[in-house]
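Peer 1: I'd like to go over a predicted model; first the sequence, then the structure.
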Amino acid sequence: MARRLILGFAVAILAASLGGAAAHAASIGALDMHPDGHGGQAYTVPVQLLLLMAGLVFLPAILLTMTSFTRIIIVLSLLRQALGLTQTPPNQVLIGLALFLTLFVMGPVFTRVGNDAVQPLIDNKITTEDALAKAQGPIREFMLKQTRRDDLGLFLKLAGGKTYDSAEDVPFPVLVPAFVTSELKTGFQIGFLIFLPFLVIDIVVAAVMMSLGMMLLSPTSVSLPLKLALFVLVNGWTLVIGSLAEGFLR
């Protein structure tokens, strides 16, 4: 299962970033094309490896813009600021948590890519081009599910106002920025809701200290342990992480 997920992720990278690169490679002297046994043409192993290595260059950009990572890391960062903590948990911990939570959320997508594209490609039932085309389907479906229609309409308008028969026909250069914009909006909305209870604690603590004339004591030094106690008592990490995962999986 782990091997199939890794292979699915690799093919997903190729499908997302090298759809045009494959066509470009085909135009450069027909780059070692050979019959695939199904009446079509397929790339030789060196060319496939070259495309895979080129696709890995785009891995950070794809992770940030085409998965659930953006929303997750924004919410976790805003949660840390709402608690009043600047370096706890450290950035490495937040990024690691966001990364593995992203792999958990995207697991069904990568599994579908493995079943629909990777395994048939390994079994020589389909060509590399067919595998890339099949791998795009689950990724596109995931992004469309999380993309707001008004954001998609905005980028369609900016791209020239071309209309498509269905949302599934929207090209990746239009879908990706619309998806990222929607994720930014959703992440900040969740962050606002997280900030509210901690903001109330700060206001109450500041009002009480001012009424008692405790002007030399910083309100933050009093409100911080109260916010931490509240967050622990309500099992905050489980609530936040669980809500983030459910928001993608439902």
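Peer 2: Good, I have the coordinates.

Peer 1: can you give me the strands in the chain?
Peer 2: Counting by DSSP state E, one finds strands in the chain at the ranges 33-35, 41-43.

Peer 1: among the ones you listed, show the one with the smallest mean pLDDT.
Peer 2: With a mean of 44, strand 33-35 has the lowest mean pLDDT of the strands of the chain.

Peer 1: which residues in this structure form helices?
Peer 2: 2-17, 19-27, 45-57, 59-65, 69-83, 91-113, 119-122, 128-146, 149-158, 172-211, 219-233, 236-249 (DSSP state H).

Peer 1: any chance of those helices in CSV, plus distance to Asp165 and mean pLDDT?
Peer 2: C-beta coordinates here come from the backbone N, C-alpha and C atoms, glycine included. As requested, the helices of the chain are arranged in CSV below (distance: least, Cβ to Cβ, whole Å; pLDDT from 0 to 100):
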stretch, distance to Asp165, mean pLDDT
helix 2-17, 21, 49
helix 19-27, 20, 41
helix 45-57, 29, 65
helix 59-65, 25, 77
helix 69-83, 29, 91
helix 91-113, 23, 89
helix 119-122, 27, 77
helix 128-146, 14, 82
helix 149-158, 13, 88
helix 172-211, 15, 89
helix 219-233, 48, 86
helix 236-249, 27, 88
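
Peer 1: how about those helices in CSV, adding mean neighbour count and distance to Ser166?
Peer 2: Formatted as CSV, those follow (neighbours: other Cβ atoms under 10 Å; distance: least, Cβ to Cβ, whole Å):
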stretch, mean neighbour count, distance to Ser166
helix 2-17, 20, 19
helix 19-27, 14, 19
helix 45-57, 15, 27
helix 59-65, 15, 22
helix 69-83, 21, 25
helix 91-113, 17, 19
helix 119-122, 17, 25
helix 128-146, 20, 10
helix 149-158, 15, 12
helix 172-211, 16, 12
helix 219-233, 15, 44
helix 236-249, 15, 22
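
Peer 1: need the ones you listed in a markdown table (columns: distance to Tyr164).
Peer 2: Formatted as a markdown table, those follow (distance: least, Cβ to Cβ, whole Å):
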| stretch | distance to Tyr164 |
| --- | --- |
| helix 2-17 | 19 |
| helix 19-27 | 17 |
| helix 45-57 | 26 |
| helix 59-65 | 21 |
| helix 69-83 | 25 |
| helix 91-113 | 22 |
| helix 119-122 | 28 |
| helix 128-146 | 12 |
| helix 149-158 | 8 |
| helix 172-211 | 9 |
| helix 219-233 | 45 |
| helix 236-249 | 25 |
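
Peer 1: how much space between the residue nearest the centre of the chain and Thr86?
Peer 2: Nearest to the mean C-alpha position of the chain, counting by Cα atoms, centre = their mean, stands Thr67 at 2.0 Å. Thr67 sits 27 Å away from Thr86, going by Cβ to Cβ, to the nearest Å.

Peer 1: got a list of what Tyr164 touches?
Peer 2: Going by Cβ atoms under 8 Å, 6 or more residues apart in numbering, Tyr164 touches 156, 170.

Peer 1: which ones are touching the nearest residue to Lys185 once chain neighbours are set aside?
Peer 2: Using Cβ to Cβ, 6 or more residues apart in numbering and skipping residues adjacent in sequence, the residue nearest Lys185 is Arg148, 7.0 Å away. With contact taken as Cβ under 8 Å, 6+ apart, Arg148 is in contact with 178, 181-182, 185.

Peer 1: dump those into CSV; add distance to Leu249 as well.
Peer 2: Below are the contacts of Arg148 laid out as CSV (distance: Cβ to Cβ, whole Å):
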residue, distance to Leu249
Ala178, 21
Thr181, 22
Ser182, 17
Lys185, 20
